[in-house]
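J.: Task: produce atomic coordinates for the following.
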Amino acid sequence: MQLVIVESPAKAKTIEKYLGKDFKVLASYGHVRDLPPKDGSVDPDADFAMEWELYRDKQSRFKEIADAAKGATRLVLATDPDREGEAISWHVLELLKKRKSVPALVDRVTFNAITKQAVTEAMTRPRELDQPLIDAYLARRALDYLFGFTLSPVLWRKLPGAKSAGRVQSVALRLIVEREREIEAFRADEYWSVVARMMHDGTEFDARLVRFRGDKLEKLSLGAEGIAMEAKAAVEAGRFTVEGVETKPLKRNPAPPFTTSTLQQEAARKLGFSAQHTMRLAQSLYEAGAITYMRTDGVQMDMSAIMAARDAIAARFSEDYRPEKPRFYSTKAKNAQEAHEAIRPTDFTRDRVGTGDEGKLYDLIFKRAMASQMATAQLERTTVTLRDATGQHELRATGQVVRFPGFLAVYQESFDDSDDDDGSLLPVMKAGDTPAKRAVDATQHFTQPPPRFSEASLVKRLEELGIGRPSTYASTIQTLRDRAYVRMEKNRFFAEESGRLLTAFLERFFPTYVAYDFTAGMEDELDVVSDGREDYKAVLARFWKDFKPKADEVMEKLPSEVTEALDEYLSDFLFPPREDGADPRACPLCASEGRANGRLSLRGGKFGAFVACVNYPECKFTRRFAQPGGEGADGADDGVMGQHPETGEDIHRKTGRFGPYVQMGDGKEAKRASIPKDLDDFDLDWAVKLLDLPRIVGAHPDTGKEIEANIGRYGPYLRHDGKYGKLTNTRDVFEVGMNRAVDLLAQAANRGPGTRTASEPIATLGAHPTSGGEIKVMPGRYGPYVTDGTTNATIAKDMKPEDVTIDIAIALIDARIAKGPPAKKGRKKAAPKKAAAKKPAAKKAAPKKAPAKKKAPAKKAAAATE
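T.: Got it, this is the predicted structure:
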């Protein structure tokens, strides 16, 4: 019997069917062991020795592998064809050696697609484990551990509220924070455009003013309304004649097939998928044999696949759409390793696979791969120039026509920020024609700040800089969100207060290790290791030589010294120059109450940093860290806003540690309400509305009980009979009507138990073949789990919930059922009998406190991330 090891049970089932009776295929269910989350798992003083630990929930599963290996004649390690796959094979083999269960013959086999042909051919071309690739994995894992487990304790002690730092994670966060700074520093410039709406031969078109009074107009030339109105009047008064028509042919070539990075980017742009969701769907398609391996930075396709794509093009379109020669691509990405094919369908005759999101992603992959081998698109760009009789004013109209679509008949690449105004059609015109002028518009514009990163643009930027690996981007981005360093609004990243503070800390005290060139250079060094040109321990030694002393130096600093250094480092952000020339650090409360020497500075507290006055405790002024100084941000707008229209009481605007708020009344009877961030036009009317909350929408048509709209700790919501529904924004609280309120409450009830604490599933996978219940991946108090509505099964710690497929979920549920629930109930019943004597129980509880304090190393597990 030959034993084959793969990662997932879905692959195991399919591959065993392909190989026949002589083969037994078992799944490792991902990684089988890892560095335990404690100090000393990597020992720099012992030549970077690593201590590995078998996952507890993998012990019985690995015993099955070891038992099968004892009776096998050959061991075939057939895990994924990348660094992680090589590492899993290495771990399995090392554990089998320890148990003395290694068969006489051991082979490593890789295949790029799970098809019968690919698998059976791979079995005829075995090789040994790739030690340089394993060394690169060991170096990367050790680096991430040393970075996280050394730096995170520094953060916990010197930067309250910080949770973790990571080698790649912290650099990705810096990108988001720096973009936030650019947006805040941006100052908009006003400019105007003048456009004439013309008509010729029954076709309307627009012509833009490009020359005024003989001068060529740049973007900001018309910088004020006065000059714009003069330009508009000149166009209205002029009679414009076609001076020239220029037509240029234009060619567009298709983009290459998807890599991991470009798939994540396009799925985000076209389908709105997160990077993590995209990779989970791609994993499922790969395991179903529909696409090739989805973790790759190669852009080339196998020659047989290229010929299959060309045949599919000829079958679907005319011969004109198939170019004379096949297309070949090479990557332009920094640090790319083109060891694997691009992501493509395994069968170009299957244009549909799967349903729902899975089907949408397959369609994207299929079309991109087919288009990559199609003919060039032929376009024609036309520019028409019109001048008035004086020759001083000039209009220009542009248009674009597709003469032959070529690959555009199948697929068109998307871009984050497209500014193409050449797509309109123009009527046929010639020199001397005088189109009719229907109207002239002068439109005001303002220059825009650089856009915040979307998942697609962040992934693209990370790849351009050579930071990290595309296969890790999804988990890196998710970590930033899980740590609450960033938030997503309208598919764009916003840096949170904690993220900004952490980035400032790292830039001030560890500038080398969050520098883009350092992180990219580290990837280059790891590539050298994977090529077998350098010992991985030499790379670790160079890193540790400088990093450890720096970490020790910062650890020696007092928290007050750290805060003082950050106060100086962030002074331009926290205390920018004021327009009135006043001291930006002057305390507004001290000034209003006649106290001298009131100066603001950064302070550290239990829940993070904030700005406070040096006259504390006499002066109670505070301001949030992420609320930069400047106009209206430091309490300068505080004071009486007006009176409540019904009670006549004064309504005060105030600024507290957690931001601005309004207050009516004093003492225990005072009513207060935080000012929401999404109210740009906040005034007395809004203050009255907030203080009058909750708002009664009306009586529910079914129960007759009131529906209430209000703003709580987690944002705006609806409440009815103890059940909650979420509202989108603050305005909805005051505008939502009865019909929509009832609908939102009904939707919330359908998602789970009718409370706001009800969890939504991470994924819905399908029906269980035995119970018939719908299988869902759920977040739980003690970690994610899968359920069919009857049986719950915990997901292994090393497996991301988004990566769980229906086959894995079924196996987990079936294994849980096999253990049997009665034993668990028996243990619960036995507990009260042992608890009869209270004193012994108290003695038993005491020693448990010591291990509880040792929970700190477990927290470090979160730190050891890319």
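J.: In which helix or strand does the residue positioned nearest the centre of the chain reside?
T.: Per CA atoms, centre = their mean, the C-alpha nearest to the average position across the chain is that of Ile477, at 4.1 Å. Per DSSP states H and E: Ile477 is located in helix 470-482.
J.: pretty sure Lys248 contacts Arg381?
T.: Yes - counting by CB atoms under 8 Å, Arg381 is a contact partner of Lys248 at 5.2 Å. The C-beta positions use only the backbone N, C-alpha and C, and glycine is treated the same way.
J.: okay, the two: which has more neighbours?
T.: Arg381 (14 against 9; other CB atoms under 10 Å).
J.: Need the residues that contact whichever strand or helix holds the more buried one.
T.: Applying DSSP H and E as the criterion places Arg381 in strand 377-387. Contacts of strand 377-387 with the rest of the structure, by CB atoms under 8 Å, 6 or more residues apart in numbering, involve 207, 240-253, 393-408, 422, 426, 429, 435.
J.: Check what pLDDT the nearest residue to Val245 once chain neighbours are set aside gets.
T.: What sits nearest to Val245 in space, not counting adjacent residues and going by CB to CB, 6 or more residues apart in numbering, is Val384, at 5.3 Å. With respect to pLDDT, Val384 has a value of 95.
J.: now that we're looking at Val384, how far away is Gly391 from it?
T.: 17 Å (CB to CB, to the nearest Å).
J.: helices or strands up against the longest helix along the chain?
T.: Using DSSP state H, we find that the single longest helix of the chain is helix 131-158. Secondary-structure packing of helix 131-158 (3 or more CB pairs under 8 Å, 6 or more residues apart in numbering; DSSP states H and E): strand 42-43, strand 49-50, helix 83-98, helix 497-509, helix 516-530, helix 536-555, helix 559-569, helix 856-860.
J.: Just the angle for the helix holding Ile477 relative to helix 131-158, thanks.
T.: On the basis of axes from the mean of the first three to the mean of the last three CA atoms, to 10 degrees, helix 470-482 is oriented at 10 degrees to helix 131-158.
J.: buried residues in helix 470-482?
T.: Neighbour counts over helix 470-482 (16 or more other CB atoms under 10 Å) mark 470-480 as buried.
J.: Serialize the residues you listed to a markdown table and add fields for distance to Leu526 and pLDDT.
T.: Formatted as a markdown table, the buried residues of helix 470-482 follow (distance: CB to CB, whole Å; pLDDT from 0 to 100):
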| residue | distance to Leu526 | pLDDT |
| --- | --- | --- |
| Pro470 | 14 | 78 |
| Ser471 | 13 | 75 |
| Thr472 | 12 | 81 |
| Tyr473 | 16 | 85 |
| Ala474 | 19 | 83 |
| Ser475 | 17 | 84 |
| Thr476 | 16 | 88 |
| Ile477 | 21 | 88 |
| Gln478 | 22 | 86 |
| Thr479 | 20 | 87 |
| Leu480 | 22 | 90 |
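J.: before we move on, the earlier item: please name the nearest non-neighbouring residue to the residue nearest to the centre of the chain.
T.: That would be Ala275: by CB to CB, 6+ apart, it lies 5.7 Å from Ile477.
J.: tell me the contacts of the one you found?
T.: 264, 268, 455, 459, 473-474, 477-478.
J.: again, only using 7 Å
T.: 264, 455, 459, 473-474, 477 (CB atoms under 7 Å, 6 or more residues apart in numbering).
J.: And for Ala793?
T.: Neighbour list for Ala793: 785-786, 812-813, 815-816 [criterion: CB under 7 Å, 6+ apart].
J.: Off-centre distance for the helix or strand harbouring it?
T.: Assigned by DSSP H and E, Ala793 belongs to strand 792-794. Its chain's average C-alpha position is 27 Å from that of strand 792-794, according to CA atoms, centre = their mean, to the nearest Å.
J.: Direction included, what does that strand pair up with?
T.: strand 785-787 (antiparallel) (DSSP bridges).
J.: coming back round to it: could the contacts of Ala793 be laid out in JSON lines, adding pLDDT, distance to Pro761 and neighbour count?
T.: Below are these laid out as JSON lines (pLDDT from 0 to 100; distance: CB to CB, whole Å; neighbours: other CB atoms under 10 Å):
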{"residue": "Tyr785", "pLDDT": "87", "distance to Pro761": "11", "neighbour count": "23"}
{"residue": "Val786", "pLDDT": "88", "distance to Pro761": "10", "neighbour count": "28"}
{"residue": "Leu812", "pLDDT": "83", "distance to Pro761": "15", "neighbour count": "25"}
{"residue": "Ile813", "pLDDT": "82", "distance to Pro761": "15", "neighbour count": "23"}
{"residue": "Ala815", "pLDDT": "74", "distance to Pro761": "21", "neighbour count": "13"}
{"residue": "Arg816", "pLDDT": "78", "distance to Pro761": "18", "neighbour count": "17"}
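J.: I'd like those laid out as JSON lines, including distance to Glu341.
T.: Shown next, in JSON lines, are these (distance: CB to CB, whole Å):
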{"residue": "Tyr785", "distance to Glu341": "35"}
{"residue": "Val786", "distance to Glu341": "32"}
{"residue": "Leu812", "distance to Glu341": "31"}
{"residue": "Ile813", "distance to Glu341": "35"}
{"residue": "Ala815", "distance to Glu341": "35"}
{"residue": "Arg816", "distance to Glu341": "38"}
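J.: ok, which pair from the residues you listed is furthest apart?
T.: Tyr785 and Ala815 (12.6 Å; CB to CB).
J.: Can you list the low-confidence ranges for the stretch 451-600 of the chain?
T.: Low-confidence segments of the stretch 451-600 of the chain (pLDDT under 70): none present.
J.: if we can go back for a sec, and the strand holding Arg381, what's buried?
T.: Within strand 377-387, judged by 16+ other CB under 10 Å, the buried ones are 377-379, 382, 384-387.
J.: any idea how far that strand is from the chain center?
T.: For strand 377-387, the gap between its own C-alpha mean and the chain's C-alpha mean amounts to 40 Å (CA atoms, centre = their mean).
J.: residues in contact with the following helix or strand past it?
T.: Using DSSP H and E, the next helix or strand after strand 377-387 towards the C-terminus is strand 394-404. The contact list for strand 394-404, computed with CB under 7 Å, 6+ apart, reads 196, 205-211, 240, 377-387, 408, 422-426.
J.: please redo it, this time with the cut-off set to 6 Å
T.: With contacts defined as CB atoms under 6 Å, 6 or more residues apart in numbering, strand 394-404 is touched by 196, 205, 207-211, 240, 378-387, 422-426.
J.: Closest to Leu155 out of the contacts of Ala275?
T.: Ile477 (20.1 Å).
J.: As a markdown table, the buried residues of helix 470-482 with distance to Tyr293 would be great.
T.: Compiled in a markdown table, the buried residues of helix 470-482 are given as follows (distance: CB to CB, whole Å):
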| residue | distance to Tyr293 |
| --- | --- |
| Pro470 | 13 |
| Ser471 | 10 |
| Thr472 | 16 |
| Tyr473 | 16 |
| Ala474 | 16 |
| Ser475 | 18 |
| Thr476 | 20 |
| Ile477 | 21 |
| Gln478 | 21 |
| Thr479 | 24 |
| Leu480 | 26 |
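J.: That's all I had, so thanks and see you.
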